[in-house]
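# curious how this folds, go ahead:
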Amino acid sequence: MVSKEIVLLLVFAHLALCSILIIAPSPPQPPKPNEVAKMARYILRNSDWVSIATTSTQKAIQGYPFVSLKSVSDGPMSNSTGIPYLYMTDLDVSGQDINKDNKCTIMASLAELDYCKQKDFDPQDPRCAKLIITGKMLKVDKSSPEYQFGENALFSKHPSMKWWPKDHDFYVSKVDIEQIAVLDFFGGIKYVSKEDYFNANDRILDDILFSNVEFIEMSA
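Numbering: from 1, shown residues only. Predicted coordinates for the structure are as follows:
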């Protein structure tokens with residue numbers, strides 16, 4: 001005699017086979033090389049982290065360039081702003097550098113994604129696109145609506161940040177952009193004006209976001 005538990009399991013298994021929603025990510029396709037502003041926005045939007053170069057305050061290398069890695073977000077999933085938000089702390093070496101001289105450069109690359117591997121592009125290949133942003137790192141005012149926005153942007157992309165040590169006094173910061181450079185094809189770096197960058201059509205980002213997920217309904 002078949003137990004009720006087995007019967008229920010068989011019923012649920014049948015229902016699952018009758019209508020299953022399968023989420024199948026497909027490789028993201030970046031904009032064309034001539035769409036430089038869109039490419040810049042695309043790279044930042046799809047990057048989880050950036051390298052950040054600062055002027056070192058460490059005694060042994062004071063004044064030298066120093067580089068580290070920081071998680072990044074330019075907004076929650078439904079709102080790409082193009083503004084790089086980072087979670088900084090004064091306990092960090094880069095944070096100490098920023099406190100003395102807040103000029104910095106960040107770089108993001110499609111080498112983070114599967115795209116370059118699938119295309120067999122070496123990370124140094126110009127077609128494995130890079131975004132280089134130079135500007136000043138600014139602390140976002142904790143009493144401002146932007147602080148909450150930046151925090152939501154970071155926490156939605158990097159959920160573990162919510163549980164980072166409170167005594168490290170992490171704070172939301174952003175890069176106040178002064179120069180935007182893109183290397184996405186042969187022929188050298190291209191420069192994007194801030195106006196073009198912030199006016200880039202964000203719909204391409206939404207189209208890519210949703211095209212990366214295929215919903216397939218299966219029936220028994």
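
# give me the phi and psi for the most centrally placed residue in the chain.
Nearest to the geometric centre of the chain sits residue 47, at 2.8 Å (C-alpha atoms, centre = their mean). Per-residue torsions, residue 47: phi -100, psi 130 (degrees, to the nearest 10).

# so for it, what's the nearest residue that isn't a sequence neighbour?
Of all residues not flanking residue 47 in the chain, residue 108 sits nearest, at 3.9 Å (C-beta to C-beta, 6 or more residues apart in numbering). C-beta here means a position set from N, CA and C on the backbone, and glycine is covered the same way.

# buried ones in the longest strand seen in the chain, by neighbour count?
For the chain, the strand with the greatest residue count under DSSP state E is strand 171-183. Residues 171, 172, 173, 174, 175, 177, 180, 181, 182, 183 are the ones in strand 171-183 that count as buried (16 or more other C-beta atoms under 10 Å).

# and what of stretch 50-61?
Neighbour-count burial for stretch 50-61 [16+ other C-beta under 10 Å]: 50, 52, 53, 54, 55, 56, 57.

# and these, which is closest to residue 126?
For the buried residues of stretch 50-61, the minimum distance to residue 126 (C-beta to C-beta) is 18.7 Å, reached by residue 50.

# contact partners for the closest one?
Listed by C-beta atoms under 8 Å, 6 or more residues apart in numbering, the contact set of residue 50 reads 69, 70, 72, 84, 86, 106, 107, 108.

# report the helix or strand with the lowest average pLDDT across this protein.
One helix or strand of the chain scores below all others by mean pLDDT, DSSP states H and E: strand 213-218, with a mean of 34.

# thought the residue nearest to residue 47 was touching residue 131?
Yes. In this structure, residue 108 is within contact of residue 131 by C-beta atoms under 8 Å, at 4.8 Å.

# what's the overlap in contacts for these two?
Each of 43, 44, 47 lies in contact with both residue 108 and residue 131 under the rule C-beta under 8 Å, 6+ apart.

# give the buried residues for the helix or strand harbouring residue 146.
When elements are assigned from DSSP states H and E, residue 146 belongs to helix 145-157. Buried residues in helix 145-157, counted by 16+ other C-beta under 10 Å: 146, 147, 149, 150, 151, 152, 153, 154, 155, 157.

# pipe the residues you listed into CSV and attach distance to residue 39 and pLDDT per row.
Converted to CSV, the buried residues of helix 145-157 look like this (distance: C-beta to C-beta, whole Å; pLDDT from 0 to 100):
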residue, distance to residue 39, pLDDT
146, 26, 98
147, 29, 98
149, 25, 97
150, 24, 98
151, 28, 97
152, 26, 97
153, 21, 97
154, 23, 98
155, 27, 97
157, 20, 96
